[in-house]
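# No letters, just coordinates:
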């Protein structure tokens, strides 16, 4: 039996950007993207493409973007209220 299990993405893991700065927490994992909930007073959902996520030497998910760049690239606000 092999003990070399490859690290995997898991719900609840922290997603980190450059300098290991925390971007948010993985809330859901889909085939093409991760749903990441940011931290802070007003949390925001980010839709992070899977092809932009890498696992570091610790097995932690990381991306090359951070801050406003990550927000601009991955935030998808509602175009209108769902009840309209």
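That came in fine, so what should we check first? If you're wondering where the values come from, they're calculated on a predicted model, not measured in any experiment.
# what about the spatially most central residue of the chain, which helix or strand?
What sits nearest the mean C-alpha location of the chain, by Cα atoms, centre = their mean, is residue 36, with 4.2 Å. Element membership for residue 36 (DSSP states H and E) is strand 33-38.
# Assess the claim that the residue nearest to the centre of the chain and residue 27 are in contact.
Yes - the pair residue 36 / residue 27 is scored as a contact, 6.5 Å apart, by Cβ atoms under 8 Å. For the C-beta atoms, the positions are set from N, CA and C on the backbone; glycine is no exception.
# Could you pick out the longest strand of the protein?
In terms of residue count, the longest strand belonging to the chain (DSSP state E) is strand 22-29.
# one step back: from the chain's centroid, how far away is the strand holding residue 36?
Mean-position distance between strand 33-38 and its chain equals 4 Å (Cα atoms, centre = their mean, to the nearest Å).
# tilt between that strand and strand 22-29?
Angle, strand 33-38 to strand 22-29, by axes from the mean of the first three to the mean of the last three Cα atoms, to 10 degrees: 130 degrees.
# The helix or strand following strand 33-38 - contacts with which helices or strands?
Using DSSP H and E, the helix or strand that follows strand 33-38 towards the C-terminus is strand 45-49. Other helices and strands packing on strand 45-49, by 3 or more Cβ pairs under 8 Å, 6 or more residues apart in numbering; DSSP states H and E, are strand 22-29, strand 33-38, helix 67-74.
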